[in-house]
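Student: any chance you can model this:
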Amino acid sequence: MSCHNCAQRTLGLFVRSIAGVESSFTSSCRTQTRARLLSTGRQPFKSDGTVSSPRKAAVDHTTKEDTANERSERLPWQIQKAAMKEKLGGEAWNPRKKLSPDTMEGIRHLHSTQPDKFTSSILASHFKVSPEAIRRILKSKWRPSDEEYEDRMQRWNKRGERIWTNLVEMGVKPPKKWREMGVGRATGGEKPKWKSNMRNMVHVHDSASNNFVVDDGDIIPIVDGSGKSRQPTSIPLAQRI
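Tutor: Below is the predicted model:
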């Protein structure tokens, strides 16, 4: 039996020597040994245990430096805009309620004349907007030119006309300014909806609070569509003269 095994082993060695075939295990071991002998540098390790090549680490370092340079070159308003966008979950700053240009100028005037009294929180509570909106209004240094101001007022009037047209459909009487512009005007001899039995289907009030009074009188309210209506205060004739 042993002679048979020896003969089989000798035959196998003879065939391998002629064909040049080696076992896969022996070749893999030799390849790993050769790789270990040729690699003289120590490769950096990552926190997760994997090995990163020096070339990739250099590229990552260069990318981080470029990002840091871009951040340092950005203007302050660009940094604040990016921070606000990140705070809002990737969405741009777009408040649901918008204040008119005249109202924003009034906010700046109140804060500049009496900053201790008209703080951001008080103005935000009065105008029913977020403190962030008030902060952005007060911090803005941009002032429109005459042409830009006229364009803004036209866009604001179109927005107000669209809002009051929708409110008229719900039976709300528009102010005199919008009635003169044709908002809510009926055709064909019919009564306007705000004069019919379907009037006052919704309550539209201003956003001015009862306790928000300045020395020169109340601030001009803005249409908000929420909150309770403010009852008109009766001033004696002696004080009005």
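Student: burial measure for residue 80, as a count.
Tutor: Neighbour count for residue 80, taken as other Cβ atoms under 10 Å: 14. Yep, even glycine has a C-beta here, placed from its N, CA and C like the rest.
Student: next one, pLDDT for it please.
Tutor: Residue 80 carries a pLDDT score of 80 in this model.
Student: distance of it from residue 132?
Tutor: Taking Cβ to Cβ, to the nearest Å as the measure, residue 80 and residue 132 are separated by 11 Å.
Student: also residue 99?
Tutor: 13 Å.
Student: over to residue 85?
Tutor: Going from residue 85 to residue 132 by Cβ to Cβ gives 13 Å.
Student: kindly report the same for residue 162.
Tutor: Here the distance between residue 162 and residue 132 works out to 26 Å (Cβ to Cβ).
Student: for residue 99 and residue 132, indicate the residue with more neighbours.
Tutor: Between residue 99 and residue 132, counted using other Cβ under 10 Å, the more crowded position is residue 99 (20 against 15).
Student: what does stretch 133-144 rub up against?
Tutor: Under the criterion Cβ atoms under 8 Å, 6 or more residues apart in numbering, residues 93, 95, 99, 101, 104, 107-108, 111, 120, 123-124, 127, 152 lie in contact with stretch 133-144.
Student: ok, stretch 146-160 next?
Tutor: Contacts to stretch 146-160, defined as Cβ under 8 Å, 6+ apart, come from residues 98, 100, 101, 144, 178, 181, 223.
Student: now that stretch: buried residues?
Tutor: Along stretch 146-160, the positions that meet the burial threshold by neighbour count (16 or more other Cβ atoms under 10 Å) are residue 160.
Student: quick one: average pLDDT of that stretch?
Tutor: 85.
Student: before we move on, back to that, shared neighbours of residue 85 and residue 132, anything?
Tutor: Shared contacts of residue 85 and residue 132, defined by Cβ under 8 Å, 6+ apart, are absent.
Student: excluding chain neighbours, what is closest to residue 130?
Tutor: In space, residue 130 comes closest to residue 124 once its chain neighbours are excluded; the distance is 6.1 Å by Cβ to Cβ, 6 or more residues apart in numbering.
Student: what about that neighbour, how many residues nearby?
Tutor: If we define neighbours as other Cβ under 10 Å, then residue 124 has 18 of them.
Student: for the remainder of this discussion, apply numbering that starts at 434.
Tutor: In the new count, where the first residue is 434, that last one comes out as residue 557.
Student: look up phi and psi at it.
Tutor: Note on residue 557: its backbone torsions stand at phi -70, psi -40 [degrees, to the nearest 10].
Student: list the contacts for it?
Tutor: Shown here is residue 557, whose contacts under the criterion Cβ under 8 Å, 6+ apart are 563, 564, 566, 567.
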